[in-house]
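**Student:** Below are the sequence and a predicted model; questions follow.
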Amino acid sequence: MIKDMIDKQILELKKLWANKRQLTFQLLNLAMIVFSALMIWKGLMFMTKSESPVVVVLSGSMEPAFQRGDILFLNNSVEKVFVGDVVVFKIKDRDIPIVHRILKVHEKEDGRVELLTKGDNNRVDDRGLYAPGQLWLEREDILGKAVGTLRYVGMVTIALNDYPVLKYVLVGMMGLFVLTSKEG
Amino acid sequence: MHTVWVRLNAVVFFGLTVLLCLSILAALSKFNHTAHYQPIIKKLALNNMKSLKNHGGVDRALLSFDLQADMTPAFHWNIKQLFVYVIATYKTDTNPKNQIVLWDRIIENTDPPEKKQLNEKNVFVKYGLVDQGAELRGKEVELSLHWDHMPLTGTLFVGKQKEGTESAFVLPAEYL
């Protein structure tokens, strides 16, 4: 049955290749989907002033509030962050941002702040996670304040990261469907 | 052409859309909850000053406090948990504003009702009141209760004790 379907898809592709006008139409269709997604992402970046407006929770350090696979919406357009806010921050020379809660805020006379964070589910504060010798975070280290959450959606991302093959299979299949579907 | 794949794709996509809409509706359903239901804070005040010492150049105060509050009104069906915390706020000469969490607790929605009533007598701080320098002596410290609403789905927001009802105390003028 699967073979049957594959044959059908190949036949469709061959037909499409013969009909250049149809091929152009379908390719434009595919491009529109890709660019819409990109536009939404960039638009979100613009509105939230955050370089990654949506993040996936990867660790259990904020359990039970956030589990692995939950997604968080970030807002970085807030000027100040307060003690108790859940924030996502980046440590120098580390790729993966961390989602934790602010435990201490020391505000200087010129408005600069020095922050210390801690995961709700961790026993100690985050000094051990910071760069060697780093005692405090600053406002620039923060990618955004968590303002909303949606559960399980991030599971897809985690699966795609854990099994890279899946990424190509999924993207390939989606592209194929868009190309061969006649309804669009 | 209606192949199995096209149908499967349509069903999955439609299912996900419905789930997303339901999530948004769930979040919207309790939109104005805090305007009508607020936790009742009966007491939050210093009980005992245990020590104020200098450790390696920074001042550290250890203390205990009393806390009585009914957090039940803050809960509703879209709240997974409350993160309740006590903040100490004080001023020093170098830092115009310092805020430090002294104590926190997670109350889950599934916890029994008596756990949603905080009744802490002479409870010791979880995190010491540690300054960035050695400027704690004789400073006035304000204690206030805050709670972060953590939803099943939807927005996160912080609630806090009504302004003017916080309690304050003055740290000892000498180390003890």
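**Tutor:** Okay, I see it.
**Student:** which residue packs closest to A:K8, ignoring adjacent ones?
**Tutor:** Setting aside the residues directly before and after it, A:K8 is nearest to B:T3 in space (Cβ to Cβ, 6 or more residues apart in numbering or on different chains), at 6.7 Å. No exception for glycine: its C-beta is placed from N, CA and C like everyone else's.
**Student:** likewise A:G154?
**Tutor:** For A:G154, the spatially nearest residue (Cβ to Cβ, 6+ apart) is A:V56, at 3.4 Å.
**Student:** tell me the contacts of that neighbour?
**Tutor:** By Cβ atoms under 8 Å, 6 or more residues apart in numbering or on different chains, the residues touching A:V56 are A:G69, A:D70, A:I71, A:L72, A:G154, A:T157, A:I158.
**Student:** Any chance of the residues you listed in TSV with neighbour count and pLDDT as columns?
**Tutor:** Listed next are those as TSV, based on neighbours: other Cβ atoms under 10 Å in any protein chain shown; pLDDT from 0 to 100:
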residue	neighbour count	pLDDT
A:G69	17	91
A:D70	21	93
A:I71	19	92
A:L72	23	94
A:G154	21	89
A:T157	15	87
A:I158	14	90
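**Student:** now, which of these lie within helices?
**Tutor:** When DSSP state H is applied, these are split such that A:G154, A:T157, A:I158 fall in helices.
**Student:** what bridges to the residue lying closest to the second one once chain neighbours are set aside?
**Tutor:** Among residues not flanking A:T157 along the chain, A:V56 sits closest, at 4.8 Å (Cβ to Cβ, 6+ apart). Note on A:V56: beta-bridge partners A:I71, judged by DSSP bridges.
**Student:** thinking again about what came up before, tell me the two of the contacts of A:V56 that are most distant?
**Tutor:** Across the contacts of A:V56, the longest distance by Cβ to Cβ is 13.9 Å; it joins A:L72 and A:I158.
**Student:** quick one: the residue nearest to A:G154 and A:L11, what's the gap?
**Tutor:** Applying Cβ to Cβ, to the nearest Å, the value for A:V56 to A:L11 is 39 Å.
**Student:** what do you get for B:I100?
**Tutor:** Taking Cβ to Cβ as the measure, B:I100 and A:L11 are separated by 69 Å.
**Student:** and if you look at B:E142?
**Tutor:** Taking Cβ to Cβ as the measure, B:E142 and A:L11 are separated by 75 Å.
**Student:** what do you get for A:M39?
**Tutor:** The span separating A:M39 from A:L11 equals 34 Å under the rule Cβ to Cβ.
**Student:** same check, this time on B:A168
**Tutor:** Shown here: B:A168 relative to A:L11, a distance of 79 Å by Cβ to Cβ.
**Student:** Between those two, which is the more surrounded one?
**Tutor:** Set side by side, B:A168 and A:L11 show more neighbours around B:A168, with 14 against 11, by other Cβ atoms under 10 Å in any protein chain shown.
**Student:** In stretch B:39-53, which of the residues would be classed as buried?
**Tutor:** For stretch B:39-53, the neighbour count (16 or more other Cβ atoms under 10 Å in any protein chain shown) marks B:P39, B:I41, B:L44, B:L46, B:L52 as buried.
**Student:** Give the pairing partners of whichever strand or helix holds the second one; include direction for each.
**Tutor:** Under the assignment given by DSSP states H and E, the secondary-structure element containing B:I41 is strand B:40-55. Under the criterion DSSP bridges, strand B:40-55 sits next to strand B:58-70 (antiparallel) in its sheet.
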